[in-house]
Each structure stands twice: as structure tokens, then as C-alpha cells.
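K.L.:
Predicted model follows, preceded by the sequence.
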Amino acid sequence: MSSSCASTVPPHRLWWLALGFGLWSFAFVALYALHALGCAYGWSDPLLRLGMTGLLAATVAALGFALSQAPRSSPGDGTTALIGRAARWTLWAAMIGAIFTFAPALALTACR
Amino acid sequence: MTAHPDPASPQPQTDPVRLHKELSHIWATGPGWARLGAVNHSTLGLRFMLTAAVFFAIGGMLAMLIRAQLATPESAFLGPEIYNQIFTMHGTIMMFLFAIPMFEGMAVYLTPKMLGARDLAFPRLTAFGFWCYLFGGLILILALFGGVAPDTGWFMYTPLSSDVYSPGVNADVWLLGVTFVEISALTLAVELTVSVLKMRAPGMSLDRMPIFGWYVLVTALMMIVGFPPLILGSILLELERAFGLPFFDPERGGDPLLWQHLFWLFGHPEVYIIFLPGAAILSTIIPVFARRPLIGYTPIVAALVALAFLSFGLWVHHMFTTGIPHLSLAFFSLASALVAVPTAVQIFAWLATIAHGRLRWDVPMLYVFGFFFVFVLGGLTGVMLAMVPFNWQAHDTHFVVAHLHYVLVGGFVFPLLAGLYYWLPHVTGRRSLHQIAAPAFWLIFVGFNGTFFLMHLTGLLGMPRRVYVYPEAAGWTTLNLISSIGAFVMSVGFALVALDVILQIRFGQRVRRDIWKAGTLEWAMPTPPAVYGFASLPTVDRRADRLAVRPLARALAAGDGYLARARNGWQETLGVHMTSGAIDQLIVLPRATYLPLWTALAVCAAVLGMLFKAYLIAIAIFFIVMGLFVFAGQSAGLRRDYGSLDVGRGASAPPHTEVDGSPPWWAMVFALVADGTIFVSLAFGTAYLWLVAPNWPPPATLSTGLVAPALAAVALALGPLAARAALAANARSGAVSPWLALGGLSAAGAAAGLVALIAALPQPTAHAYAATSLSLLGYGCLHLFVAGLFTLSNALRLRAGCISARRTLDLRLTRLWQDFTATTGLIALALTLAMPHLATIAAARP
């Protein structure tokens, strides 16, 4: 087996591309479910809000941790660099997206 | 993969003419009836696109009938029953029979060519997908001609589509026909995903892949996750209609909103599944006409990933008026606004590419211009509709009709027409007669805006969707009349495009390859392409949209690449490492066969059996279908070990049957992702009804001892162990059969345990609790049945010599399936046992 080609990047590193918005999606569905659960069972407003705020904080923390562990993009334009850059951008975008989309939980009326 | 020849390496072939003849002989589809056995991606891609174009024409004619009806107030042109069928079928055809299959056809035709492979990973699956699409579409169209077409809107909301309000066969036609078509979508999605990841030209690492490949990959992955919720919803609704299982009936613990959730979990990603192929065309064409490389390759890849996830996160924005708490609406409203960002990243990348290039105008660029104008307007009204207060005002009005047409026609049809004019010379070897192409564009552009721009105003004036008449006093008459005139102008434009295509095929000026001076691999072959695609496979040493195509094409035709030989009558192409593009296997593809046609016909018969309520016949045919799949498996792979084989240019690789990461392995992984999504959707549905639906807790719950659950749990856990033991025995050349038998017995034992639990459930028609439990257990039983088929197939292939210590694919696929079955089966079992306790908690809901 031989051919001239770029350096080999393990396929599992592709998961980094999906990690940021994968976490966002999981947290988003969890937020929706938590809200539905709280409203269905009549949780008190502070308790429900605390839960949703905690979820936002946990999501931001998880994305921040992922960012600290994300592959560094080396100079050049190889696959490593592509995955590194794209992964970091999507992680940052997911974090900003999480704060943006979850923010109403901090201020709006919980169940109406 | 039917040939079993001598493995000795043949002599290198360097005579281009002889190479062409030998490869043509191997890859050709026979004449006459043999054409029905075609599995070649070029042939099937064109068939997909042609069929989709015919369905588009039918859908367009229905649109003209709608516009004729609405041109004047109180029109007596169409009655309400036929009007309901027409608008339902217009939407259904355009979404399910035109847009998705057209993307599939385009991807099937172009992907291997652009990535430097000779075909897709599973040619028989391509053919099976095509026939399923064709037969499913025909069922829907024949129902239309028979006057029994679906008539409850393309999104089939319950309770309108439930048997109480739609007692005829119309809704069943939709549920069964569309699900049949979706088989095609899922099979193609799996195939495209695997092909992009594993079947590229040597050296084509992911960062060298043309951006088109990234779009196909992301779109296919979205389809793998996006379509299963709809398939599950359709099955549940059909079960409700046919057998009275009350998933969506609020009087028996169901909830109509569950249908909306399942539908829009598919329906919103669907919008992007349709837009991304259009964007793929734009990202490919614009750099060619701007005469500079695409700006923002990596940001576009990141934007695609973001868009793929975000598009799933806004399904509820179609449900803003259903009474969901305001806070949840805020989450989805903001997510809906957020999705505009990755879309805008692409638009700005295209604009920047144009701005920094030296633009060359030709017909494709007219449609690119049309795209920018129309799609950006559609995107802006999309942001308007994402805002809850505005959405409440505009909901179910013609404003929404205008918005969705601006998005879908702008995001898919305009780019598609750009792609048509760009790649048609590749298909025909001729170029367009521009005297017709330009007027056709302007008729479409002006007609489209004349139709739909005014619909924004009609909608803001309050005209609701799906009404067949409106009073003259409403003040909508002039706007509707102009919209109708615009629609007919647009259809004249489409007719001119069709005429232009026919004229090009018949009289177009012959052209040399690569007429646009593009840098992508599909132009490095003769036009029209040979059946084998590339006479030899290229090495890629830079991004594969910046290639010197003409010299490369000459070199490849002369055999100066990989696999420049005809060996053993094999249809050969190369498999590569997923990220680096290093050669890691020689893939031997199956040749033309009628098996996909027969299998699709059998599936069609089963669907018709269900449609006509002949359930015993349908079940019998289901077993035939399963038998055909097992039979198809028998002719797969190679019947002996070959070791490393010469692939040319001094390289060698083992056949795909002797490596770990072969395409079938990855196909199984992605198929299980789709299957897992169905399971998660079912679990979501169960939890949703428990949490939200009225009339809970149920009057009776599961009453069982420990024996049946214990039997099911132990036997479910035994399956994966038996599969591992079979693999271990095979590796040491020991006896595999006993472990296969144990795997089969464990599947039977687990199924017996689950069936005992089903028997212990209360009447499943009485309450949604029992219906969902039955579905969970039935899901497990079905997978155990398939696990039994895997075991049977393994045994047959072991006896036929298709499995050896080197060729372990069959056993590894079985292990995957057993793992999945055990995992989902145990979760289903746990959920079923937990539901009686959870149901009592439901009583505490205020």
C-alpha cells in the first residue's frame, strides 16, 4: 500500500468537527425537555430558572473545556489544519450560540 | 462481485484504445431489457434526474391549476375535494419526488467523478434506491389520477389526517408512498456518505477534497438523521389508521402535536437538505466563472457543520401557534435567527469570490444572479417569521407560501438550473443554444417574482393558505390575478428550458472537454463520459478544484494512473484512508443485475398489500423481501483470499474483503445511526406522551412476572457475546457454526421474552401507553428477526467459502447488528418496565 499523499490524521479526529454543535444540540434539547418537565409538574419559578441557568453554565463550561482540548491548527493547509481551525471555529460559534439561544431562560416568565 | 478468477497480476495495459475497449466491456450495461439491470452511477444518476424532472413537470402543472383556481374570486374551476388533492400533491411531489431525488441524482452522477472514483460504493443499492423512488412516486401519481390522492396538506397534520376525519385511502397513499420513497433517500444517503469518506482519488485528503464533496457529505449525514423521525411518524400514523393504536388521539392518551414534532424534526432540516445541494452547485460554479479559487473554503466547511446541527434545532418554529410555553418559543425563535449566520457565511464567501475574481458572464451565472436576488429575500422573510409576534400574525397566510417558495426555489431551483447549464455539456458533449437559454431565464425570474413577491402582500392582507375560493370583497383579487399571470409566465420559462435541453441534446454544438476551464476532476474525462468514468485513476497533490484538467485527462486516458488495466472482469476502483486519502484497499464492485429491480418490485407489492389492507399478503411478501436481501448477500464479496494486489504506479492494496474499514462496514455504521435515530424518536414519543398528552395515567398497565423480562434480557446480552465468540473462533480457524447457532438461538429466546411481554400488555388500542410499549417491544422483535437473518446469511456464506480468517466482514457486520440490537432491546425493555411506574407519576401533573 503506497501512494503520495498528505500526512495521516486519525479518522476519529473528525469528531472534533461535530463536537461543538453536538454539545449545543444536546443541551438545547435538554433545555427544552427541562422546561417542559418543570412546567408540566408545576415546579416553582426559581427552581426551574435555577435548573435552566445551571444547564447554560454547564454547557458553556463543557464547550470551554472542549476548546482547551481541541487540536491545535498547525501552519500550512493540511487536513490537521483544516480540522483544527474548523473545530475551534465551531466550538466558539456553539458557545456563543448557546449563550444567545439560552439567554431567555434568565429573564422571561418561565411557564405561560 | 461474481468473478473468481486467477489472482495473478495481469500484464500492464498501456494502449489507450485497447484499455477503453476492455474497460467498456466490463462496465457496460447490456442493451434492450438488460438496461433494467443497470447499476452504473452515470446511468442511474441520469435516470434519477430525468424522473425527478418529470415529477417536477407534474407538480408544476398542479401549481398552474392552483393558480388558475385562485386567479379570480369565487372561482368554480375546481371543487374543494379536488383542490385539496391538488395542493397536497403539489407540495408532496415538489418536496419528496422532485427536490430530494434531484439532489440524489446529481450527487450520484457527479460525486464519483468529482472525487476521482469509478463508481459509488454500492451500485446495487443505487439501483434499488432508484426503483423504490420510481415505484413509490408512481403510487402517488396513480392515486392522483384515480382521484384518491392525499388531500390533507403535504405535512399531513393529525387529527385531520387521522381515520376519523380522513376515512378514505388518501392519507394511506401518502404515508405508505412517501415512506417507500424515503427508503430510497436513506439508502442513497448512506451510500453517498460512505463513498465520500472512502472512495476518493489517491492523495485526496479531506482538505484537498473539492467543496462539493463536503456539501454532499454533510447533506447525506443530515438525511441519515433527518428522515428517520418522519419515517417513524408515518409508521405510527399508519398504525393508528389501520389498527387503531392511538398515538395521536388525545382522548386515549395520544397527542396530535407528537405528529408535528416528528414531522418537523424532519421537515426543518429538510429545507437545508434541499438548500445545501444548491449551495454545493454555487460553490463549484462561482469560482469557475470568477476565475479564482473559492474564498473561505475552511469557514464554509465550519459553516456547513454549524448549519447541519442548527437546522435540527429549530423544528418548533413551525409550531409557534400551538400553545407551547412562551419561553420555549423564545429558545426556538433565537435558534431560528441564529441559523442565518452560517448561511450568510456562505453567501459572503460567494460574493467575495466574485468581487475578487474576474467575472465571466454566461448562462449559469444568470441563474446565480437569480439565486442571490431570490434566496436573500427568502432568507430575510425567514428571519421575520422567526420572530414570534410576527409569526403569529403571518401564520398560515400566503406570506408563508411566498417565503417558502423564495427559499426553496431560490435556494434549490435557481442553483439547479445554473448547474444544469454548467454540467449538461458534460452529459451530452454539446453546449447550449444561448438564444433560448437567456430568454428562458428572464421569463422564469420575472414570472417567479411576479407570482410570489405579491403573495407576501396577499398574505399580509390576511389571505389564508389552502383556501379554494375567496370573496371579492376581501380585496385580494388584483394581487391574485397578477400572481397567476406570473405563474404562467414562469411556466413558459421552464418549458423553454426543457426545449433548450432537447435542442442541445439533438443539435447542440459539439464541444471539447472542460468547456468552462474548470479545475475539478469530472472534466478530466471524455464528454459524454465513458461507462467506466476514468480509464485510470488520478493522484491528487493539491486541492482538487485547481487541477490542470486537460493534460490530466490525456494522461489518465493513456493509462498513466492507478488501475489502468482490466483484471479478471472485475469492476475495480480504489478505497482510501478516510482523512489522508492514502490507498488502503482495492474495491471490487458488483456488475449489472436485475436483483435491485426484483427486490424493489417486492417491496412495492408489500406496500400495495398494506394500502389495500391485505396484511397477510403484505407480511408474506415482507418475508420474500428479506429472503431477497439474504440472497443478494450471497453474491457479495470474493470467495478466496487474494492478499495484496497490484493497483498500478508501484502501489498495491488488498481487496476490500480483506480489510477492516471497508465500505460495507461503514455503511452498516451509518445505517445503524439512522436506525438509532428511529429508536430515539420512538423513545422521545413515549416520553413526550407521558409528559404532555392528556388523559394520563392509563387505565391499565403492564402486569408481568420476572421470567419474561429476565429471559429477554439474558438472551439479548448473549447475542453480542456469541457474535464475538464466532469472530474469535474464525480468527483461530476454529469452528464458527456453533457460535452462529448460539447467536440465532439467543435471538429466538429474546424474541420469545419480548413477545411474552407484548401478550401481557393491556389492549394497545385502549391507550397510547400500551401502544407505545407495544411499539418499543415490536421494534426489538423486528431487530431480533433481522439478527436471525444475519446468522442465517453467515452460515450460508461460511459454507460457500466467503468467510475466512482474512475475510471477516460478514461476522463483523453481524457483531455490529447484535450490539445494536442488544443495546436498543435492553433500553426498550427497561423503558417498557419503567412506564407503569412513570405512568403513576403522570397523575401528579397539575
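P.N.:
Here it is on my side, so go on.
K.L.:
Under the pLDDT cut-off, which ranges of the chain? List them.
P.N.:
You didn't pick a chain, so chain A it is. A:1-7, A:73-77 (pLDDT under 70).
K.L.:
nope, chain B
P.N.:
Scanning chain B for pLDDT under 70 picks out B:1-13, B:846.
K.L.:
any idea which residue of it is furthest from its center?
P.N.:
Largest separation from the mean C-alpha position in chain B: B:Ala473, at 45.3 Å (C-alpha atoms, centre = their mean).
K.L.:
would that one count as being in a strand?
P.N.:
No - B:Ala473: not assigned to a strand; according to DSSP: H, G, I helix; E, B strand; the rest coil it is helix.
K.L.:
Any buried residues in the helix or strand hosting B:Arg18, and which?
P.N.:
Counting by DSSP states H and E, the element that carries B:Arg18 is helix B:16-27. The neighbour-count check on helix B:16-27 (16 or more other C-beta atoms under 10 Å in any protein chain shown) flags B:16, B:19-20, B:22-23, B:26-27 as buried. Quick note: C-beta positions are derived from backbone N, CA and C, even for glycine.
K.L.:
What of stretch B:822-837?
P.N.:
Using 16+ other C-beta under 10 Å as the burial criterion, the residues of stretch B:822-837 that qualify are B:822, B:824-826, B:828-829, B:831-832, B:835-836.
K.L.:
Secondary structure added to those residues, as JSON lines?
P.N.:
What follows is the buried residues of stretch B:822-837, written out as JSON lines (three-state DSSP):
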{"residue": "B:Ala822", "secondary structure": "helix"}
{"residue": "B:Thr824", "secondary structure": "helix"}
{"residue": "B:Gly825", "secondary structure": "helix"}
{"residue": "B:Leu826", "secondary structure": "helix"}
{"residue": "B:Ala828", "secondary structure": "helix"}
{"residue": "B:Leu829", "secondary structure": "helix"}
{"residue": "B:Leu831", "secondary structure": "helix"}
{"residue": "B:Thr832", "secondary structure": "helix"}
{"residue": "B:Met835", "secondary structure": "helix"}
{"residue": "B:Pro836", "secondary structure": "helix"}
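K.L.:
Return the residues in contact with B:Leu110.
P.N.:
Residues in contact with B:Leu110, defined by C-beta atoms under 8 Å, 6 or more residues apart in numbering or on different chains, are B:45, B:212, B:423, B:522.
K.L.:
Not counting residues beside it along the chain, what's closest to the last one?
P.N.:
Distances taken as C-beta to C-beta, 6 or more residues apart in numbering or on different chains put B:Lys113 closest to B:Glu522, at 3.8 Å, once the chain neighbours are dropped.
K.L.:
A:Ala57 - how many residues pack around it?
P.N.:
Residues contacting A:Ala57 under the criterion other C-beta atoms under 10 Å in any protein chain shown number 11.
K.L.:
Mind checking what secondary structure it has?
P.N.:
helix.
K.L.:
next one: B:Ser166
P.N.:
Under the three-state scheme (three-state DSSP), B:Ser166 adopts coil.
K.L.:
Please give me every residue in contact with it.
P.N.:
B:151-152, B:160 are the contacts of B:Ser166 under C-beta under 8 Å, 6+ apart.
K.L.:
Recalculate using a threshold of 6 Å.
P.N.:
Contact analysis of B:Ser166 by C-beta atoms under 6 Å, 6 or more residues apart in numbering or on different chains lists B:Thr152.
K.L.:
measure it to chain A for me?
P.N.:
Separation of B:Ser166 from chain A (C-beta to the nearest C-beta, to the nearest Å) stands at 29 Å.
K.L.:
What's the separation between that residue and B:Asp151?
P.N.:
According to C-beta to C-beta, to the nearest Å, B:Ser166 stands 7 Å off from B:Asp151.
K.L.:
can you pull out the helices in the stretch 551-700 of chain B?
P.N.:
For the stretch 551-700 of chain B, applying DSSP state H, counting those that start in this stretch gives helices covering B:595-611, B:615-634, B:663-692.
K.L.:
now the angle between helix B:615-634 and the last one, please.
P.N.:
Translated: helix B:663-692. 150 degrees (axes from the mean of the first three to the mean of the last three C-alpha atoms, to 10 degrees).
K.L.:
Show me how far helix B:663-692 is from its chain's centre.
P.N.:
Helix B:663-692 has its C-alpha centroid displaced from the chain centroid by 16 Å (C-alpha atoms, centre = their mean, to the nearest Å).
K.L.:
do it and chain A meet?
P.N.:
Yes - Helix B:663-692 lies within reach of chain A by C-beta under 6 Å from any C-beta of the partner chain, at B:Leu691.
K.L.:
That helix - contacts with which helices or strands?
P.N.:
If you count contacts as 3 or more C-beta pairs under 6 Å, 6 or more residues apart in numbering or on different chains; DSSP states H and E, helix B:663-692 packs onto helix B:170-198, helix B:211-243, helix B:768-799, helix B:809-842.
K.L.:
Packed most tightly, which of these would that be?
P.N.:
Most buried of those by mean neighbour count (mean count of other C-beta atoms under 10 Å in any protein chain shown) is helix B:170-198; its value is a mean of 25.
K.L.:
what's the burial count for the closest residue to B:Thr704 other than its chain neighbours?
P.N.:
Nearest in space to B:Thr704, with sequence neighbours left out and distances taken as C-beta to C-beta, 6+ apart, is B:Ala760 at 4.4 Å. By the criterion of other C-beta under 10 Å, B:Ala760 has 14 neighbours.
K.L.:
now stretch B:66-78, how far from the centre of its chain.
P.N.:
35 Å.
K.L.:
quick revisit: so how far is B:Leu774 from the residue nearest to B:Thr704?
P.N.:
For B:Ala760 relative to B:Leu774 (C-beta to C-beta), the value is 11 Å.
K.L.:
Serialize the helices and strands packed on helix B:663-692 to TSV and add fields for distance to B:Gly734.
P.N.:
Listed next are those as TSV, based on distance: least, C-beta to C-beta, whole Å:
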stretch	distance to B:Gly734
helix B:170-198	31
helix B:211-243	37
helix B:768-799	12
helix B:809-842	12
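K.L.:
so which of those helices gets nearest B:Tyr594?
P.N.:
Taking C-beta to C-beta, helix B:170-198 is the member of the helices and strands packed on helix B:663-692 nearest to B:Tyr594, at 17.5 Å.
K.L.:
Chain A: helices as residue ranges?
P.N.:
Here chain A has its helices, by DSSP state H, at A:15-40, A:45-69, A:79-102, A:104-107.
K.L.:
Quickly check: the last one near chain B or not.
P.N.:
Yes - using C-beta under 6 Å from any C-beta as the criterion, contacts between helix A:104-107 and chain B involve A:Pro104.
K.L.:
residues making contact with that helix?
P.N.:
A:52, B:327, B:330.
K.L.:
How far does that helix sit from its chain's centre?
P.N.:
The answer for helix A:104-107 is 19 Å, by C-alpha atoms, centre = their mean.
K.L.:
Chain A contacts on chain B?
P.N.:
So far as C-beta under 6 Å from any C-beta goes, chain B lies against chain A at B:202-203, B:205-207, B:298, B:301-302, B:305-306, B:309, B:313, B:325-328, B:330-331, B:334-335, B:338, B:578-583, B:651, B:653, B:691, B:845-846.
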